[in-house]
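S.K.: Output the structure for:
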Amino acid sequence: FDLICIGGGSGGIACAKRSAISYNKKVLCIERSRLGGTCVNVGCVPKKVMWSAAHIAHTVKHDMEHYGFSTEGEVKLDFPKLKQARDKYVKRLNGIYASGFEKAGVQCVFGEATFVDEHTVQVTDKDGQVTNYRGDKLLIATGGRPHFPPGEGIEEYCISSDGFFDLEELPKVAVVVGAGYIAVELAGVLNSLGSETHLVVRKGRALREFDPMISEALDNEMVKAGIFIHRNTNGVAKVTSDGGDKKNVTLHSGDVIYNADVVLMAAGRVPNTEDLCTDCEWAPNTEKLHLEKCGVKITPRKYVVVDEYQNTNVENIYALGDVCGVVELTPMAIAAGRRLADRLFSSNPIQATAKVSYECVPTVVFSHPTIGTCGLTEPKAIEKYGKDNVKVYTSRFSDSHYGIFDVKPEDKPKTVMKLVCVGPDEKVVGIHVMGMGSDEMMQGFGVAMKMGATKADLDSCVAIHPTASEELVTMGTWGMSPQESGAKVSPLNGAPAAEPRLN
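M.R.: Below is the predicted model:
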């Protein structure tokens, strides 16, 4: 084979199909489970389905009556029906990926892959049959998976974020442990669907790596929504059974949460590499890539070491996606996979240095409410550029959706926004939003940031009214920022739009 991709997730599929379709290469993809990887099977896709269900539940419970709607009797969730429809959708996507491989001419085999040497991979299928495959170039795109922290009864009585999608019934009482985006997303889903939800964080609040304005605002909204947040716990000490189906969760702080139906550990993920770190209590022990046989280096945390071009230390072996631990997002892995294929196989000299950019990556947290963010937080900008060079614009308001709600202004859900600007040109280095619609508005502003937008560039775009996103182009005293543009053709001061270049 010209290329062997180990891992049939987002990054591996993208690289395999690009290599086969665009460059007519002979490609093999090895997958041990279901095509699509974490995102399609136990990540982004089924998570968004559950978020949508929770959003509908929230609308029915909290918003509908304010708009004059009423229902006779109780609106009930048929959780098994929701799960069946979601799983059917995921299975259909698995088939679409398989069909895509067939049309692209990519050969796909299922089984556990291990390295024999730098050009040979051994695959053991579900029946125990072993086959060796040789490739000129090999890509490691095996992704990551949840891990359980140490503690009595944690592995025995807890589920992971993967296990969340195996639930057959909505739990009456759920405990979610973690402070990252997975934890706040699943806590929000469970709470909105009707579970009594407890969120356990090690320190003061969740999403500590996000801009403080955003993490504080989400914390406030989660509390108002009824989520019980257990703070400064230093994590879970042990989980015990009451002898039946209920679990009791003891925290390192001494607090105990009784009678939980589900305890969901969302305390982080680890890369799917070989168990080379036997003294690491969190190390996965089911992945057997045997990287020592090909000489690929890994970090102490078992991520594959790569440079900006996805090269490992072995000349013909590459790695991308979550297994590298840089930016662990599905679209990031897809972009990296396509750019790697371009660099390896294109005859165009421009592609000889093709790589993906890990800067200004827009991302969304499907919390309740959602978060959209791109670029540096205010503390990171100050750390990088100095406090005197950073100027920040902020806004806090209630979305017009809540305008007719007959409740106190302080009780209406809030939208918060922040622009982080740097230098005399006020170049935008960070955009952070929490509130209704932030998930859909961030993509366009991400494009603006990638193109080097300044605050004046944002002001030059006429606002769309009435929307929440218009606030991002009207912050501060509109039009009074330094009149400097980051655009190739300046849009400032009523300048005409750039004309396309013709052949």
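
S.K.: Beyond the helix or strand bottoming out on mean pLDDT in the chain, next helix or strand please.
M.R.: One helix or strand of the chain scores below all others by mean pLDDT, DSSP states H and E: strand 269-271, with a mean of 86. Using DSSP states H and E, the next helix or strand after strand 269-271 towards the C-terminus is strand 317-319.

S.K.: Touching that following strand from outside, list them.
M.R.: 118, 137-141, 294, 296, 304, 306, 310-312, 340, 344 (CB atoms under 8 Å, 6 or more residues apart in numbering). Where C-beta positions appear, they are placed from N, C-alpha and C, glycine not excepted.

S.K.: Could you do stretch 53-66 as well?
M.R.: Taking CB under 8 Å, 6+ apart as the rule, stretch 53-66 contacts 70-71, 75, 77, 82, 188-189, 191-194, 368, 401, 404-406.

S.K.: Most neighbours of all those residues, which one?
M.R.: residue 188 (29 neighbours; other CB atoms under 10 Å).

S.K.: Distance of the nearest residue to that residue once chain neighbours are set aside relative to residue 299?
M.R.: Nearest residue to residue 188 in three dimensions, chain neighbours excluded: residue 368, at 3.7 Å (CB to CB, 6 or more residues apart in numbering). In this view, residue 368 and residue 299 are 35 Å apart by CB to CB, to the nearest Å.

S.K.: again, but for residue 163
M.R.: Residue 163 sits 27 Å away from residue 299, taking CB to CB as the criterion.

S.K.: Can you name the residues that contact residue 7?
M.R.: Residue 7 makes contacts with 29-31, 37, 139-143, 272, 321, 323, as judged by CB under 8 Å, 6+ apart.

S.K.: Save those residues as TSV, and put in pLDDT, secondary structure and distance to residue 485 too.
M.R.: Output for the contacts of residue 7, formatted as TSV (pLDDT from 0 to 100; DSSP: H, G, I helix; E, B strand; the rest coil; distance: CB to CB, whole Å):
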residue	pLDDT	secondary structure	distance to residue 485
29	98	strand	45
30	97	strand	48
31	96	strand	47
37	95	helix	40
139	97	strand	40
140	96	strand	42
141	95	coil	39
142	94	coil	44
143	93	coil	40
272	80	coil	45
321	94	helix	36
323	93	helix	40
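
S.K.: just to revisit the earlier point, so what are the sheet partners of the least confident helix or strand of the chain and their directions?
M.R.: Neighbouring strands of strand 269-271 in its sheet, by DSSP bridges, are strand 144-146 (antiparallel).

S.K.: From the chain's centroid, how far away is the very next helix or strand once past the partner strand?
M.R.: Using DSSP H and E, the helix or strand that follows strand 144-146 in sequence is helix 154-157. The chain centre lies 25 Å from the centre of helix 154-157; the measure is CA atoms, centre = their mean, to the nearest Å.

S.K.: cool, and stretch 431-449?
M.R.: On CA atoms, centre = their mean, the centre of stretch 431-449 falls 15 Å from the chain's centre.

S.K.: Show me what counts as buried in it.
M.R.: Buried residues in stretch 431-449, defined by neighbour count with 16 or more other CB atoms under 10 Å: 431-439, 441-442, 445-446, 448-449.

S.K.: Now, those residues that are in strands?
M.R.: Among these, DSSP state E puts 431-434 in strands.

S.K.: Can you tell me which of those is closest to residue 478?
M.R.: Distance to residue 478 across these (CB to CB) is lowest for residue 431, with 16.9 Å.

S.K.: Now do the strands in the stretch 51-200 of the chain.
M.R.: 107-110, 112-117, 120-124, 130-134, 137-140, 144-146, 159-160, 173-177, 196-200 (DSSP state E, counting those that start in this stretch).

S.K.: nope, the stretch 301-450 of the chain is what I was after
M.R.: Under DSSP E, counting those that start in this stretch, the stretch 301-450 of the chain gives strands at 317-319, 363-365, 371-375, 390-397, 415-422, 427-434.

S.K.: Can you give me the buried ones in the second one?
M.R.: Buried positions in strand 363-365, judged by neighbour count with 16+ other CB under 10 Å: 363-365.
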